[in-house]
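Asks: here is a sequence together with a model predicted from it:
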Amino acid sequence: MADLYLKALESERRSLWAECRLKGLAKDTPQRMRIAEIDVKLAEHKARKAAG
(Lines give C-alpha, C1' and ligand atoms only; values in the text may rest on other atoms or scores of the structure.)
Protein backbone atom coordinates (compact mmCIF):
# COMPACT_ATOMS: atom_id res chain seq x y z
CA MET A 1 0.00 0.00 0.00
CA ALA A 2 1.24 3.46 -0.83
CA ASP A 3 2.46 5.58 2.04
CA LEU A 4 0.66 8.85 1.31
CA TYR A 5 2.32 10.77 4.16
CA LEU A 6 5.76 9.87 2.83
CA LYS A 7 4.80 10.78 -0.72
CA ALA A 8 3.37 14.13 0.39
CA LEU A 9 6.53 15.03 2.31
CA GLU A 10 8.78 14.03 -0.57
CA SER A 11 6.67 15.98 -3.03
CA GLU A 12 6.73 19.12 -0.88
CA ARG A 13 10.50 18.77 -0.45
CA ARG A 14 11.08 18.43 -4.19
CA SER A 15 8.98 21.51 -4.99
CA LEU A 16 10.68 23.60 -2.30
CA TRP A 17 14.12 22.47 -3.44
CA ALA A 18 13.30 23.37 -7.04
CA GLU A 19 12.14 26.81 -5.94
CA CYS A 20 15.33 27.33 -3.92
CA ARG A 21 17.55 26.32 -6.82
CA LEU A 22 15.62 28.44 -9.29
CA LYS A 23 15.75 31.55 -7.12
CA GLY A 24 19.16 30.87 -5.60
CA LEU A 25 17.86 31.18 -2.05
CA ALA A 26 20.24 31.30 0.92
CA LYS A 27 20.29 28.75 3.75
CA ASP A 28 18.45 30.94 6.24
CA THR A 29 15.30 31.43 4.16
CA PRO A 30 11.96 29.94 5.29
CA GLN A 31 11.94 27.55 2.32
CA ARG A 32 15.35 26.10 3.18
CA MET A 33 14.40 25.82 6.85
CA ARG A 34 11.22 23.94 5.86
CA ILE A 35 13.33 21.54 3.76
CA ALA A 36 15.43 20.81 6.86
CA GLU A 37 12.25 20.16 8.88
CA ILE A 38 10.96 17.81 6.19
CA ASP A 39 14.29 15.93 6.18
CA VAL A 40 13.92 15.31 9.92
CA LYS A 41 10.31 14.15 9.52
CA LEU A 42 11.27 11.84 6.65
CA ALA A 43 14.05 10.27 8.70
CA GLU A 44 11.74 9.77 11.69
CA HIS A 45 9.02 8.28 9.54
CA LYS A 46 11.37 5.88 7.78
CA ALA A 47 12.87 4.81 11.12
CA ARG A 48 9.42 4.09 12.55
CA LYS A 49 8.47 2.18 9.43
CA ALA A 50 11.65 0.09 9.56
CA ALA A 51 11.22 -0.64 13.27
CA GLY A 52 7.64 -1.74 13.08
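Replies: Yes, it's here.
Asks: contacts, neighbours, all on C-alpha from now
Replies: Fine.
Asks: checking residue 43 next. Helix, strand or coil?
Replies: Following DSSP: H, G, I helix; E, B strand; the rest coil, we place residue 43 in the helix state.
Asks: okay, now the unreliable bits of the protein?
Replies: Within the chain, the segments meeting pLDDT under 70 span 1-2.
Asks: please, where are all the helices along the protein?
Replies: Counting by DSSP state H, one finds helices in the chain at the ranges 4-23, 30-51.
Asks: show me what the shortest one is packed against.
Replies: This means helix 4-23. Using 3 or more Cα pairs under 8 Å, 6 or more residues apart in numbering; DSSP states H and E as the contact criterion, the secondary-structure elements in contact with helix 4-23 are helix 30-51.
Asks: residues making contact with the helix it packs on?
Replies: The contact list for helix 30-51 (Cα atoms under 8 Å, 6 or more residues apart in numbering) reads 6, 9-10, 13, 16-17, 20, 25-27.
Asks: quick one: that helix to helix 4-23, angle?
Replies: For helix 30-51 against helix 4-23, the angle by axes from the mean of the first three to the mean of the last three Cα atoms, to 10 degrees is 150 degrees.
Asks: can you point out the buried residues in helix 30-51?
Replies: 31-32, 35, 38, 42 (16 or more other Cα atoms under 10 Å).
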